[in-house]
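Novice: only geometry, no sequence info:
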Ligand code: NDP
């Protein structure tokens, strides 16, 4: 394909041009186009959902034995690994993340397919203790058409987390990737085709979420939505789901506290806090964006942290030494800048960053440096709202009771970090923090085998984990009568 050619979309088992407006995706490091495609139209949504429904009913996928479905998922994992470098380079262009990071995301997508293949073929249904003349069982059935709606910050990894368990469970999937990062979802559909997944079981509909994502969510044949994105979009989807009595899982935003206690190992804490907020240029739902440091340590710790943050390598995502690439778009960088200006207007001081870099690539792409604000309180807007960029707000704390109150004082409750040498103290604190994930003496580490999700405005439901497959299945109870006689109530006797 040349750049000027329009990429086809995967809709109901065929590769064809979308029916919506033509647009280009762009490389955030240079602002140059990467690919042209036509967005999907509402007719394409209809075709994709109908095609998925037909494939669910007639392809035999749902009826295949779990180990047979697993074979296809293992093949998908294998093909992702075979094409890993190509996918990682494409993802770098799609969303501007440094190449080392996109390689890790591609590897994690392969691992996710492998994991859910194993989960699928080892999933046990149960015989429940009988309380009558019957054998009672609890079994699981696939749901039908699942919609997977994903954001722009971790393409392929986000899609894999939804598509792998949904397919493993026997469903069909329609993906609505972020409008600005559609390329990896399309590649994933190619790989599914090449791995022998029956046609129509996967469709990809790039384009505006307010149009396509909304239509997909409302569609009567869509039986479950798995969404990752912003909290306001998540709430909108939850309202639609309530009207349809449709289950949804929502992985939403965060404003996670990272806590450095006075007995922390400072080398580990500095490295962990830096990684927690500045990796992925802060465009991470679990970014540790509120930092609480024991007052006695505050100055020496902040001096070390600031010096180390100033050394982070911001620049060309293709360079393997780069630690931070550009932000996703010009509009998103402006939003980050507005938050920094707001923090200053709220009385904050800049300890580091806060100015666009300039020269060379910096003049073309949407770069923003590591930025640290201080002198602010937890109640201020920059501490309460998700910035989704490389902006850390640092605050000293005096006692643990106030610390816990402040750390938990947020609409969000996605993740938290604790740095302490005293494991009993860290354990006690970790149990008191309200968050879906608490990291102790580490941060932003992930395992597909460990459930992930948020409390409160950070979401509903959990992804990952061996039982993550169950959210894409309906539970059914089966009773097998073992009576020697007809049921007594009717008064009918055997043989009469
Ligand atoms: P959005 O909520 O704006 O978008 C997410 C997806 O939803 C996109 O595909 C978007 O399409 C689509 N969408 C938009 N409006 C609707 C609608 N009305 N109905 C259905 N779908 C819709 O989030 P962002 O793309 O801005 O992503 C950043 C957010 O994602 C942050 O808040 C971040 O915290 C969160 N996130 C959460 C994670 C988690 O696991 N908890 C992980 C990663 C990110 P379009 O492209 O047109 O906008």
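Specialist: All right, it came through fine. Since the structure is predicted, the reported quantities are computational estimates derived from the model, not experimental observations.
Novice: Can you pull up the most central residue in this protein?
Specialist: residue 158 (4.5 Å; CA atoms, centre = their mean).
Novice: what's the helix or strand for that residue?
Specialist: Residue 158 belongs to helix 157-168 when assigned by DSSP states H and E.
Novice: Rounded mean pLDDT for that helix, please.
Specialist: Across helix 157-168, the average pLDDT comes to 98.
Novice: list the helices and strands it packs on?
Specialist: If you count contacts as 3 or more CB pairs under 8 Å, 6 or more residues apart in numbering; DSSP states H and E, helix 157-168 packs onto helix 66-82, helix 99-122, strand 145-149, strand 172-176, helix 183-194, strand 222-228. (Each C-beta comes from the backbone N, C-alpha and C, glycine too.)
Novice: any idea how far the residue nearest to the centre of the chain is from residue 81?
Specialist: From residue 158 across to residue 81, the span is 19 Å (CB to CB, to the nearest Å).
Novice: Also residue 202?
Specialist: Counting by CB to CB - residue 202 and residue 81 are separated by 19 Å.
Novice: closest point of the stretch 1-150 of the chain to the ligand, which residue?
Specialist: residue 149 (4.7 Å; CB to the nearest ligand atom).
Novice: Assess the claim that that residue and residue 237 are in contact.
Specialist: Yes. Here residue 149 reaches residue 237: they are 7.4 Å apart, a contact under CB atoms under 8 Å.
Novice: Between these two, which contacts overlap?
Specialist: Common neighbours of residue 149 and residue 237, counting by CB atoms under 8 Å, 6 or more residues apart in numbering, are 213, 217, 225, 227.
Novice: which bits of the stretch 251-400 of the chain sit near the ligand?
Specialist: Proximity of the stretch 251-400 of the chain to the ligand, by CB under 6 Å from any ligand atom, involves residues 251-254, 285, 386, 388.
Novice: In JSON lines, list these along with secondary structure and neighbour count.
Specialist: Shown next, in JSON lines, are those (DSSP: H, G, I helix; E, B strand; the rest coil; neighbours: other CB atoms under 10 Å):
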{"residue": "251", "secondary structure": "strand", "neighbour count": "27"}
{"residue": "252", "secondary structure": "coil", "neighbour count": "26"}
{"residue": "253", "secondary structure": "coil", "neighbour count": "24"}
{"residue": "254", "secondary structure": "coil", "neighbour count": "28"}
{"residue": "285", "secondary structure": "coil", "neighbour count": "27"}
{"residue": "386", "secondary structure": "coil", "neighbour count": "23"}
{"residue": "388", "secondary structure": "coil", "neighbour count": "26"}
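Novice: of those residues, closest to residue 434?
Specialist: residue 254 (12.0 Å; CB to CB).
Novice: Next, the contact list for residue 127, please.
Specialist: Residue 127 sits next to 135-137 when contact means CB under 8 Å, 6+ apart.
Novice: Please tabulate these in TSV, including the columns neighbour count.
Specialist: As requested, the contacts of residue 127 are exported to TSV (neighbours: other CB atoms under 10 Å):
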residue	neighbour count
135	13
136	15
137	15
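Novice: Where strands are concerned, which of these count?
Specialist: Mapping the contacts of residue 127 onto strands (DSSP state E) picks out 135-137.
Novice: on that earlier part again, between residue 149 and residue 237, which one's more packed in?
Specialist: When neighbours are counted by other CB atoms under 10 Å, residue 149 and residue 237 differ, and residue 149 comes out ahead with 28 against 24.
Novice: Show me what that one bridges to in the sheet.
Specialist: Residue 149 forms beta bridges with residue 176, residue 227, as assigned by DSSP bridges.
Novice: From residue 9, how far out is it?
Specialist: In this view, residue 149 and residue 9 are 16 Å apart by CB to CB.
Novice: likewise residue 82?
Specialist: Applying CB to CB to residue 82 and residue 9 gives a distance of 23 Å.
Novice: Could you do residue 63 as well?
Specialist: Between residue 63 and residue 9 the computed distance is 28 Å (CB to CB).
Novice: Who has more neighbours out of those two?
Specialist: More crowded of residue 63 and residue 9, by other CB under 10 Å: residue 9, with 27 against 10.
Novice: was I right about the more buried one contacting residue 40?
Specialist: Yes. Residue 9 is in contact with residue 40 according to CB under 8 Å; the separation is 6.0 Å.
Novice: Mind listing the shared neighbours of these two?
Specialist: Residues touching both residue 9 and residue 40 by CB under 8 Å, 6+ apart: 18, 205-206.
Novice: mind listing which of those are in strands?
Specialist: Counting by DSSP E, those contribute nothing to strands.
Novice: So which of those residues is surrounded by the most neighbours?
Specialist: Within the shared contacts of residue 9 and residue 40, most neighbours by other CB under 10 Å means residue 205, with 30 neighbours.
Novice: isn't it right up against residue 19?
Specialist: No. Contact criterion CB under 8 Å: residue 205 and residue 19 do not qualify, at 10.3 Å.
Novice: who touches both of those two?
Specialist: Joint contacts of residue 205 and residue 19 (CB under 8 Å, 6+ apart) are 40, 44.
Novice: Tell me which of the helices and strands packed on helix 157-168 sits most buried.
Specialist: Of all the helices and strands packed on helix 157-168, strand 172-176 has the most neighbours on average by mean count of other CB atoms under 10 Å, namely a mean of 30.
Novice: next one: it to chain centre, how far?
Specialist: Relative to its parent chain, strand 172-176 has a centroid offset of 15 Å by CA atoms, centre = their mean, to the nearest Å.
Novice: Where does the prediction get shaky in this structure?
Specialist: 1-3, 496 (pLDDT under 70).
Novice: Kindly recompute the last result at 90.
Specialist: Scanning the chain for pLDDT under 90 picks out the ranges 1-5, 493-496.
Novice: How about residue 257, nearest residue that isn't a chain neighbour?
Specialist: In space, residue 257 comes closest to residue 407 once its chain neighbours are excluded; the distance is 4.0 Å by CB to CB, 6 or more residues apart in numbering.
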